[in-house]
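In: What would the 3D arrangement of this be:
(one chain, ligands or ions: 2)
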Amino acid sequence: MPNPKRVSERLFQSPSKYIQGPSAIQNAAKYLESLGRSPLLACDKIVYEIAGKQLIEALQKADFKVTHVEFGGEASSQEVDRLTKLGLENQSSFVIGLGGGKTIDAAKAAANQLKVQCAIIPTTASTDAPCSALSVLYTPEGQFDQYTFFDRNPSIVLVDTSVIAKAPYRFLAAGMGDAIATNVEARLCRTSLNFGGGLPTEVSVAIGTKCEEILLKYGKQAYEANKAKAVTPALEAVVEANTLLSGLGFESGGLAAAHAIHNGFTAIEALHSLLHGEKVAFGTVAQLILVNSPTSVLDTYISFMLSVDLPVTFGQLGIPNVTDEELRSVAKLACAENETIWNMEQLVTEDAVYNSLKAADAAGREYIRRTNWKKDE
Ligand SMILES: NC(=O)c1ccc[n+]([C@@H]2O[C@H](COP(=O)([O-])OP(=O)(O)OC[C@H]3O[C@@H](n4cnc5c(N)ncnc54)[C@H](O)[C@@H]3O)[C@@H](O)[C@H]2O)c1
Ligand SMILES: [Zn+2]
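Out: Residues are numbered from 1 along each chain as shown. Ligands and ions are numbered 1, 2, ... in the order given. The predicted model follows:
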């Protein structure tokens, strides 16, 4: 990474087109035809039944020649190479990634190796992976491997909200946990380099603000709509916040402590089964404490997290008996040399992060006690 003090350019990057609506897959051909007519389509078995069959049918009706490959489940270099090989053998004109964050990341990386364009069709709003020009790769066993960066973002991101509305509502909540961090993190990164290697522009800051506004206004309502499998204006707004606004906001705005703490949580085995956004949600409260946010501000975020069943205490994270030693190892990883925590202007130490974790749990417990909060059944 270049030294931020020596970079004066502001930079904003994004996909060429973003389409969202309840019939997006049915109408996919008209949006995808500019990329060619012989795509390599990666999706796993579950997603094939949910949306893959319907997508292939819609494309075949419009004379596309689709090569369907079953995604193996992990976004690993090996899986990316396998998809690339199939793309070469079939002379695929572009790649479609259909599914959750891992399928999306593997598809983006394969398209990059094939030097063809990429279309992303997320089937959950669980992460902000669809719009970014990077993939998070893992070993075939599921350990973090590396971030890989590409020259361009996916050309087309197509979101079918009738599919998302039927996905498990825990996924939408996790996406909100990832998205609520966007503004909290980006507003501390005004003078650091974003993922494109430039300074944030005014629009990336505005996107983070809008993302947060939508979540606070409509998050709970969208969560309830998702439980009822209903596509409503609130659900549409939150899907856009989780997918487009959060994606553009983090990539061109920057990440800070919340995501670094999420990465630190990999030190605790018991947290591996949690979704990305669930861990980011707790990290967001810890970051707010780290930068000395007033109680009224903490209350706003904690109340939001609880309204969509995101964890704000160690108990809710599933680690009620976490030890100080474990928390110190989380803080140590969160403060690793290349971590995004160093994007913040504030002075940060491992000890301060350790203390913010303990205080976040305490603030969550105190809020629950004070407001007599009870989980909806
Ligand atoms: N590249 C980026 O910018 C970026 C950003 C955030 C997260 N990520 C990555 O995203 C990954 C996490 O993604 P995830 O949380 O979507 O998990 P995931 O990709 O593992 O998907 C979880 C499961 O959801 C299932 N699924 C997908 N759509 C469904 C639907 N409509 N109904 C029922 N089940 C459905 C899939 O079959 C899969 O088994 C992580 O690897 C993370 O590193 C990447
Ligand atoms: Zn994230």
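
In: what does the stretch 51-200 of the chain put close to ligand 1?
Out: Listed as neighbours of ligand 1 in the stretch 51-200 of the chain under the rule CB under 6 Å from any ligand atom: 75, 99-103, 105, 123-124, 126-129, 132, 134-136, 163, 167-168. The way it works is simple: take the backbone N, C-alpha and C, and place the C-beta from them, glycine included.

In: Just the buried residues of those.
Out: When those are checked for burial by 16 or more other CB atoms under 10 Å, the buried set is 75, 99-103, 105, 123-124, 126-129, 132, 134-136, 163, 167.

In: Which one of the residues in this protein is closest to ligand 1?
Out: Taking CB to the nearest ligand atom as the measure, the chain has G101 as its residue closest to ligand 1, at 2.2 Å.

In: Surely that residue and A125 touch.
Out: No - using CB atoms under 8 Å, G101 makes no contact with A125, being 10.7 Å away.

In: about what we covered before: tell me the spacing between the residue of the chain closest to ligand 1 and C131.
Out: Per CB to CB, to the nearest Å, G101 is found 12 Å from C131.

In: ditto for D151
Out: From D151 to C131 the distance is 15 Å (CB to CB).

In: which stretches of the protein form strands?
Out: Here the chain has its strands, by DSSP state E, at 17-21, 39-43, 67-70, 94-99, 117-122, 134-138, 144-149, 156-160.

In: buried stuff in the shortest one?
Out: By that I understand strand 67-70. Under 16+ other CB under 10 Å, the buried positions of strand 67-70 are 67-69.

In: From those, pick the one nearest Y218.
Out: H68 (35.4 Å; CB to CB).

In: That closest one contacts K53, doesn't it?
Out: No - applying CB under 8 Å as the test, H68 and K53 come out as separate, 9.5 Å apart.

In: mind showing which ranges of the protein have poor pLDDT?
Out: Scanning the chain for pLDDT under 70 picks out 1-6, 377.

In: residues in contact with the residue located most distally from the centre of it?
Out: Relative to the mean C-alpha coordinate of the chain, counting by CA atoms, centre = their mean, the farthest residue is D63 (33.3 Å). Taking CB atoms under 8 Å, 6 or more residues apart in numbering, we find D63 in contact with R37.

In: can you tell me how far it sits from R37?
Out: On the measure of CB to CB, D63 and R37 end up 6 Å apart.

In: how is this structure carved up into domains?
Out: Split into domains by automatic domain parsing, the chain comes to 17-164, 169-371.

In: For S8, which of the ones you listed is the nearest?
Out: Nearest to S8, of the domains of the chain and by CB to CB, is domain 169-371 at 7.5 Å.

In: dump the residue contacts of S76.
Out: So S76 contacts 106, 137-140, 145 (CB under 8 Å, 6+ apart).

In: Between the two ends of stretch 220-240, what distance do you get?
Out: 15 Å (CA to CA, to the nearest Å).

In: Flag every buried residue along stretch 358-368.
Out: 359-361, 363-364, 366-368.

In: Equivalent analysis for stretch 332-350, please.
Out: For stretch 332-350, by 16+ other CB under 10 Å, it's 333-335, 339-341, 343-344, 348, 350.

In: So which of these belong to helices?
Out: Among the buried residues of stretch 332-350, the ones falling in helices (DSSP state H) are 333-334, 350.

In: mind listing what K217 touches?
Out: Taking CB under 8 Å, 6+ apart, one finds A237 in contact with K217.

In: Can you give me the distance of it to P233?
Out: 11 Å.

In: Also I207?
Out: Taking CB to CB, one finds I207 at 20 Å from P233.

In: now do A336
Out: 42 Å.

In: Repeat that for E326.
Out: Counting by CB to CB, the gap from E326 to P233 is 43 Å.

In: quick one, which of those two is more surrounded?
Out: Taking other CB atoms under 10 Å, E326 and P233 do not tie; E326 has more neighbours (18 against 11).

In: mind listing what that one touches?
Out: Counting by CB under 8 Å, 6+ apart, E326 has contacts 267-268, 319.

In: Quick check: S162 touching T232?
Out: No - S162 lies out of contact with T232 (CB under 8 Å); the separation is 11.7 Å.

In: Tell me how many other residues crowd the residue nearest to L11 when sequence neighbours are not counted.
Out: For L11, ignoring the flanking residues on the chain, the nearest one in space by CB to CB, 6 or more residues apart in numbering is G198 at 2.4 Å. Counted with other CB under 10 Å, residues neighbouring G198 total 19.

In: contacting residues around G198?
Out: Per CB under 8 Å, 6+ apart, neighbours of G198: 7, 9-12.

In: Excluding sequence neighbours, find me the nearest residue to I261.
Out: Per CB to CB, 6+ apart, closest to I261 is G283, 3.4 Å.

In: Between the two ends of stretch 226-240, how far is it?
Out: 14 Å.

In: ditto for stretch 115-129
Out: End to end - CA to CA - stretch 115-129 spans 20 Å.

In: gap between that stretch and the chain center?
Out: Its chain's C-alpha centre and that of stretch 115-129 lie 11 Å apart, by CA atoms, centre = their mean, to the nearest Å.

In: and the residue of the chain closest to ligand 1, what is it in contact with?
Out: 75, 126-127, 129, 136, 276.

In: K45: neighbour count?
Out: K45: 11 neighbours (other CB under 10 Å).

In: Isn't it up against E70?
Out: Yes - counting by CB under 8 Å, K45 touches E70, with 6.3 Å between them.

In: re earlier: which of D151 and C131 has more residues huddled nearby?
Out: Neighbour comparison, D151 and C131: the larger count goes to C131, with 24 against 8 (by other CB under 10 Å).
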